[in-house]
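Visitor: this one's sequence-less:
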């Protein structure tokens, strides 16, 4: 879109966009919106539009109203599906059914963890359980399944379906099959009961995995008390303190935070037993086999081959990394030089800082939040013709005063969807960075319009001060780009069906767009467009960016090996029934796939919260990184701002959501089908010095 066209568009839609008076004359409207505090208009006569513009959600009780409305509509759609003749309309009705439930459940799933009001959180939690129970019942509804089976069993009708409709029909049938639809009544009831039990166990483990541990203050040296949170005569420890320069603080935090909790241990072991029992009940060899159907890896055997081959190829480099860490620990602490698991994150950071002088405070003045958002806006416009526009939320639309709302606008297609940016720290807010789908995109047959996707990006950044905007460390900036990769996956898809919209795809593919964004976040040609000092306007020097990129390779093999250990542990927990304790499996796996010694009386697995959302699929981060690396090196490294390549990337990978097999999307982008060896080589090559230069030279 030309500057003139963009100006005309803004004038025509002036009521849509918010303009914030800029503190720095060079900021664009989107940059200024994130570098200044929001100015809310207070009008007592304005009526609340409800969270995300859903009128019922003007108060917590509205969740019950929204839930009832959704469930009533569900009953009508179930009747319609069961009685309509087999064809495209069957699949459209299934998707409409899924969409109606997801619009309430997904919204509630976000509100239960993010809303500052506990009454709202509690109401949302109840709704999640209610809708979740109904979904499990629908997945074992025989009549509903028969209507889909009539379609899929008729080759003449299937032949008339377009590829997206056929795939979505098959995915809905897969949901029925993994819920035990083919079982007799008694076994099907058992499957439903196991699903319901797992909902409770998942929630119990997730909550417990984040609970702090405490120890009597007298058990810790008095001079270290200030390093932890005091609670009367106890010290409370809610994390690993991995970045503390004091090795004793790190050791105490590790030993206490990871001290086994008998109830949570029982919960995890029961959870894994239930998952295995359910998988066997519905016809799978293990829960891992059930979870990996439809992914790029496809089977647990492939995942373990990938992890073992990667371990073998990294072994020499990993050993060198651990030697460097041992030498550094000996230098810092001659009396206690044994390298332990609590040393790895801190010492790898020390080695990077010592070798490349990458103190985050040197970078932060150049990385104001507004500058980074401006950079994302410029990048998306150059790659896809998409602009981020700041819009003023209506009363009651957002859950916190500091949430920003962005409209995503394409130069020819118009409005693509909305991103709500919940970026700032507040009490009781989860600390992990997340992307939430609130509403999926789909073509609405009933209205003749496209339902625009709505997502939330949640970070935990510091608030701006009177003297400075929010300043990001390089790590925070990469996380922002990562999460925005998920958001644009949701925005740039134009799937016909909500069931496969955006990030609703195979887990080992879903992380590819977000990880690919990390490569853009560390390329000087991209960074130079936005990284400038918030006070002086001076650009971030290229030498600082080069040091930052090279520093990532320091201890890179050991860092990757740690991820391999986590992924292997996840696979083993979801393989055959456990013939020994989860701690014994952890100890054995840590020895084989990591190398640093297990610490007696610790149970790291009880803090492995990814076992819930990523059960048997934690390897996805490594495999997605391999794919992202291949896409970057083959398609973007020569010109990260190439519009033709951006359009190809959207067309081949982002546009389909989960409507196409993940490996086919990768094949379409790379113009070849990669092997497990290719994935491993992509990850290993990233640790080579100046690997990007090598790729460019070899292709020139």
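Guide: That came through, no problem. Since the model is a prediction, treat every value here as computed from it, not as a measurement.

Visitor: what's near enough to touch residue 640?
Guide: 519, 520, 523, 525, 526 (Cβ atoms under 8 Å, 6 or more residues apart in numbering). In short, each C-beta sits where N, CA and C put it, glycine included.

Visitor: give me the phi and psi for it.
Guide: The phi and psi values for residue 640, taken as degrees, to the nearest 10, are phi -70, psi -10.

Visitor: where does it land on pLDDT?
Guide: You'll see residue 640 listed with a pLDDT of 97.

Visitor: swap in residue 22?
Guide: Predicted confidence (pLDDT) at residue 22: the value is 34.

Visitor: and residue 18, what pLDDT?
Guide: We have a pLDDT of 32 for residue 18.

Visitor: how about residue 510?
Guide: Note on residue 510: pLDDT of 95.

Visitor: quick one, what contacts it?
Guide: Residue 510 neighbours (Cβ under 8 Å, 6+ apart): 486, 489, 503, 620, 624.

Visitor: any buried residues in the longest helix along the chain, and which?
Guide: What stands out as the longest helix in the chain, according to DSSP state H, is helix 300-332. Buried residues in helix 300-332, counted by 16 or more other Cβ atoms under 10 Å: 300, 302-304, 306-307, 309-311, 313-314, 317-318, 321-322, 324-325, 328-329.

Visitor: can you list the weak-confidence ranges in the stretch 301-450 of the chain?
Guide: Within the stretch 301-450 of the chain, no range satisfies pLDDT under 70.

Visitor: still on that earlier bit, helix or strand right after the longest helix of the chain?
Guide: helix 344-356 (DSSP states H and E).

Visitor: contacts for the helix or strand following that next one, please.
Guide: Per DSSP H and E, the first helix or strand lying C-terminal to helix 344-356 is helix 360-363. Here helix 360-363 makes contact (Cβ under 8 Å, 6+ apart) with 473, 474, 475, 540, 544, 548.

Visitor: could you look up the SS state of residue 97?
Guide: Put simply, residue 97 is helix when judged by DSSP: H, G, I helix; E, B strand; the rest coil.

Visitor: in contact with the nearest residue to it once chain neighbours are set aside: list those residues for me.
Guide: Counting by Cβ to Cβ, 6 or more residues apart in numbering, residue 97 lies nearest to residue 77, which is 4.4 Å off, once chain neighbours are set aside. Residue 77 makes contacts with 93, 96, 97, 100, as judged by Cβ under 8 Å, 6+ apart.

Visitor: what separation do you get for residue 77 and residue 450?
Guide: Taking Cβ to Cβ, to the nearest Å as the measure, residue 77 falls 20 Å from residue 450.

Visitor: same question, residue 596
Guide: Residue 596 sits 51 Å away from residue 450, going by Cβ to Cβ.

Visitor: between these two, tell me which one has more neighbours.
Guide: residue 596 (20 against 17; other Cβ atoms under 10 Å).

Visitor: does the more buried one really touch residue 341, like I thought?
Guide: Yes - the criterion here is Cβ atoms under 8 Å, and residue 596 meets it with residue 341 at 4.8 Å.

Visitor: quick revisit: out of the contacts of residue 640, who's nearest residue 70?
Guide: Nearest to residue 70 among the contacts of residue 640, counting by Cβ to Cβ, is residue 520 at 38.6 Å.

Visitor: ok, and the closest non-adjacent residue to that closest one?
Guide: Residue 520 sits nearest to residue 526 (Cβ to Cβ, 6+ apart), 4.9 Å away.

Visitor: and the one you found, what element?
Guide: helix 524-527.

Visitor: run the chain-centre distance for the helix or strand following that helix.
Guide: Per DSSP H and E, helix 524-527 leads on to helix 542-551 as the next helix or strand towards the C-terminus. Centroid displacement of helix 542-551 relative to its chain, using Cα atoms, centre = their mean, to the nearest Å, is 26 Å.

Visitor: pLDDT averaged over helix 542-551, what's the number?
Guide: What helix 542-551 shows for mean pLDDT is 94.

Visitor: can I take it that residue 407 is in a helix?
Guide: No - counting by three-state DSSP, residue 407 is not part of a helix but strand.

Visitor: ok, it to residue 652 distance?
Guide: Distance, residue 407 to residue 652, using Cβ to Cβ: 26 Å.

Visitor: check residue 452 too.
Guide: To residue 652, residue 452 is 23 Å away according to Cβ to Cβ.

Visitor: these two: which is more packed in?
Guide: More crowded of residue 452 and residue 652, by other Cβ under 10 Å: residue 652, with 20 against 16.
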